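Visitor: Predicted model and sequence follow; I will ask about them next.
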Amino acid sequence: MTKIVDLPEGEFVLSGNRACAGCSLGIGLRAITKALDGQMVMTVPASCLTVLGGMYPVSSVTVPWINVAFASTAAAATGVAAGLRAMGRADGLTVLAMAGDGGTGDIGIQALSGAAERNEDFIYLCYDNEAYMNTGTQRSSHTPRGARTTTTWAGKRENPKDMPAIMEAHGIPYVASTSAVYPDDVYDKVAKARGIRGLRYIQMSTACPPGWGFDPRDTVRLGKLAVQTGLTVLYEVQNGVFGLTSASRTLAQAGRRRPVAELIAAQGRFKGMSDEDVGEIQAWIDSRWERFMAREADPAGH
Amino acid sequence: MPQPRRLVEGNEAVAEGAIAAGARFFAGYPITPSTEIAEVLSRRLPQVGGHFVQMEDEIASIGAVIGASLAGAKALTATSGPGFSLMQESIGYASMAQVPCVIVDVMRGGPSTGLPTEPSQGDVMQARWGTHGEHSIIALVPSSVAECFSLTVEAFNLSEAYRTPVILLSDATIGHMREAVALPTRDELRVAERGEPDVEPDDYDDVMSTVDNIMPRPALGSRYAVHVTGLVYDRSRGGVPSTGTPSVAEGLGLYLREKIYHHRDAIARVEELEMEDAEVAIFAYGSVARSARAAMKWARRQGVKVGLVRPITLWPFPMAAVDHMAEQVRTIIVPEMNLKQMSWEVQAAVGGRAKVVDHGRIDGKLIRPEEIQNLIRREFYYHHFEETA
């Protein structure tokens, strides 16, 4: 596993961007672009990432980047990858489709599912900040139960959609879940994905101070706490073989997770949740964690 | 008794208008600058026993709205340019299948992602011709917060009366503007209810619904047999698909057109100001009409005879009012936040009887009164204007 101090020096995300204070997306994007050594083409729909990328002449990224229509991230990546092959320019270049959770699990899932079924040759990275943050925090299919958004005033009632599981069901060669506040884990997964052909799906939990309701200085602490409670699980599935990684692996070995109540109490969006609801979320996390433990014990079985 | 005067945002007024009109279902997807309509309705609809659903995209949003309407509920969605484009196929379906529903498009700069936070009037032709195939449509265009409310109510009334999708064309300025208004209460409004056809289920056939007597579409789950399709259908055979008979296809197409065009003068509303003796008219709609009104008032203070024709209904095109205007004035100034979209339509209707001067802006900025004043000065080049506006 690559240590943070050993990450390559080259930077493809410039210092200073238009993202909100404390946004973890920039941390993740730095690790992603380092892992691809900047040899990449990005397709990006309307999202916070567009905002982070900035506008001329203050763009914060140095890699080729196309902003595409909301529903077409994976479709555009399909075309870019095929076009590069047709023109003989595909060698050494990775196509990275990168969209938010709404752009992936809601409006983007049709194009993504189609691309996965055809096993198109690109990496799809979903950065999951758990709502439509760019338009001011409306619920998405990735919003956790209990979270208040501007379209779920009393708290969302449904659990988040399990996109990595959906993508795994497509039988693609690589599926991973990571967190932007673990740039070493992000780097390793993208670097590994770079060496694989076909559709690779990586979901990156991306802590969001204004949307989740916490102080910008707590981004890393909150992001890590989400992993320590077992809500965010760092893992990968390569050719059907499962493995926990990084902090989630350590957590499994230690056998002790922090209660989700700590994470809930630290975020404004969960304000006013009843103990009963917190208990149900804890039970949901526990049962999910048990399934991950079973897979960790039998990595190739499923 | 009206509600107390308070500051209301245009988008909020649309949401409140929908509730007052009896809407009990909203399906939508976040998009600037329309999102507040969804946000307000996510809170308000449950309070009145209605349903709010945030969908996975705009294709799904209009699909759910059509489903809810076929079940008998008054339903709406709200979006902006990119989402409006995605909805077009289903807007055509609603037109073909005669499904009453309201689509609010809060226009922003385009094409594509364009200028998400800036106003535009670039969708006026998309509202008319965005979906494929020959069809007719009703589109209303508010130019104040009060009209965001009243025209939403009217949009529902028209959609029920003519069994058709109705489009409310707001824009980023109107939608985000706040004005002090006293919103009317339900009992101050005329609200059309869906009702049932006035014949017994066994005797009912869709062909009984004529241009002069458009019967309500029977709801799913009602006593009436319901068959709905986007294929060409035979209105005299329970509305079942029939694509092999040219006369059926033509008959349906003409009926769908005439059901609205026959009533054009009743549907197409305009506001006329200072038109009695006007020599020059400004034809302006939506947020631009506000600047046009200021320019018209300035012109009157300067002693030149300028009037304002403000279409409240853009589609069907207010032919009678434009016809009258063409007979009366020598010049018609058409300022709009697009490049000639309605100006062409005015020019075609005027047919050379008056000069049509267009003035377009597509930079996301409002057309200022001074810009229109400069056009007025040119039309009265012989008049001495005081320099102060």
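Guide: Okay, I see it. Residues are numbered from 1 along each chain as shown, chains lettered A, B, ... in the order given.

Visitor: ok, which residues in the stretch 151-300 of chain A are in contact with chain B?
Guide: Counting by CB under 8 Å from any CB of the partner chain, the residues of the stretch 151-300 of chain A lying close to chain B are A:151-153. Bear in mind the C-beta positions are built from the backbone N, C-alpha and C, glycine included.

Visitor: Nearest to chain B among those residues?
Guide: Ranked by distance to chain B (CB to the nearest CB), these are led by A:Thr151 at 4.2 Å.

Visitor: before we move on, the earlier item: which one (most neighbours) among the residues of the stretch 151-300 of chain A next to chain B?
Guide: Comparing these by number of neighbours (other CB atoms under 10 Å in any protein chain shown), A:Thr151 comes first, having 26 neighbours.

Visitor: need the contact list for that residue.
Guide: For A:Thr151, the contacting residues are A:138-139, B:30, B:38-39, B:42, B:52, B:54, by CB atoms under 8 Å, 6 or more residues apart in numbering or on different chains.

Visitor: still on that earlier bit, out of the residues of the stretch 151-300 of chain A next to chain B, who's nearest B:Ala299?
Guide: For these, the minimum distance to B:Ala299 (CB to CB) is 45.7 Å, reached by A:Thr151.

Visitor: Would you agree B:Gly67 falls within a strand?
Guide: No - B:Gly67 sits outside any strand when classified using DSSP: H, G, I helix; E, B strand; the rest coil, being helix.

Visitor: ok, it to B:Ala94 distance?
Guide: Look at B:Gly67 and B:Ala94: by CB to CB, to the nearest Å, they are 11 Å apart.

Visitor: For these two, indicate the residue with more neighbours.
Guide: Between B:Gly67 and B:Ala94, counting by other CB under 10 Å, B:Ala94 is the more crowded of the two (28 against 16).

Visitor: Would it be right to say that the more buried one lies in a strand?
Guide: No - B:Ala94 is assigned helix when assessed by three-state DSSP, not a strand.

Visitor: how about the nearest residue to it once chain neighbours are set aside, phi and psi?
Guide: Closest residue in space to B:Ala94, ignoring its immediate chain neighbours: B:Pro165 at 4.1 Å, by CB to CB, 6 or more residues apart in numbering or on different chains. Backbone torsions of B:Pro165, given as degrees, to the nearest 10, read phi -70, psi 140.

Visitor: you'd agree B:Pro165 is up against B:Asp105?
Guide: No - contact criterion CB atoms under 8 Å: B:Pro165 and B:Asp105 do not qualify, at 11.5 Å.

Visitor: Now do the contacts for whichever residue of the stretch 251-389 of chain B sits closest to chain A.
Guide: Per CB to the nearest CB, the residue of the stretch 251-389 of chain B with the smallest distance to chain A is B:Gly364, at 13.6 Å. Applying CB under 8 Å, 6+ apart, we find B:Gly364 in contact with B:109, B:115, B:118-120.

Visitor: rewinding a little: please report how far the residue nearest to B:Ala94 lies from A:Arg118.
Guide: Remark: distance between B:Pro165 and A:Arg118 (CB to CB) = 36 Å.

Visitor: Out of those two, name the residue with the larger neighbour count.
Guide: Neighbour count, other CB under 10 Å: between B:Pro165 and A:Arg118, B:Pro165 has more, with 31 against 12.

Visitor: If that one is in a bridge, with which residues?
Guide: For B:Pro165, the beta-bridge partners under DSSP bridges are B:Cys101.

Visitor: Return the distance of it relative to chain A.
Guide: Noted for B:Pro165: a distance of 22 Å to chain A, by CB to the nearest CB, to the nearest Å.

Visitor: Check B:Thr79 too.
Guide: Noted for B:Thr79: a distance of 12 Å to chain A, by CB to the nearest CB.

Visitor: how much space between that residue and B:Val99?
Guide: B:Thr79 is 17 Å from B:Val99, by CB to CB.

Visitor: what ranges do the helices span in the stretch 51-200 of chain A?
Guide: Counting by DSSP state H, counting those that start in this stretch, the stretch 51-200 of chain A has helices at residues A:73-86, A:101, A:109-117, A:163-168, A:183-194.

Visitor: Next: the stretch 201-302 of chain A.
Guide: Under DSSP H, counting those that start in this stretch, the stretch 201-302 of chain A gives helices at A:209-212, A:219-228, A:246-254, A:260-265, A:275-297.

Visitor: Serialize those to TSV and add fields for mean neighbour count and mean pLDDT.
Guide: TSV is the format used below for the helices of the stretch 201-302 of chain A (neighbours: other CB atoms under 10 Å in any protein chain shown; pLDDT from 0 to 100):
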stretch	mean neighbour count	mean pLDDT
helix A:209-212	22	98
helix A:219-228	20	98
helix A:246-254	17	97
helix A:260-265	18	98
helix A:275-297	14	97
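
Visitor: For the ones you listed, give me JSON lines that also has distance to B:Phe283.
Guide: Converted to JSON lines, the helices of the stretch 201-302 of chain A look like this (distance: least, CB to CB, whole Å):
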{"stretch": "helix A:209-212", "distance to B:Phe283": "44"}
{"stretch": "helix A:219-228", "distance to B:Phe283": "54"}
{"stretch": "helix A:246-254", "distance to B:Phe283": "65"}
{"stretch": "helix A:260-265", "distance to B:Phe283": "57"}
{"stretch": "helix A:275-297", "distance to B:Phe283": "57"}
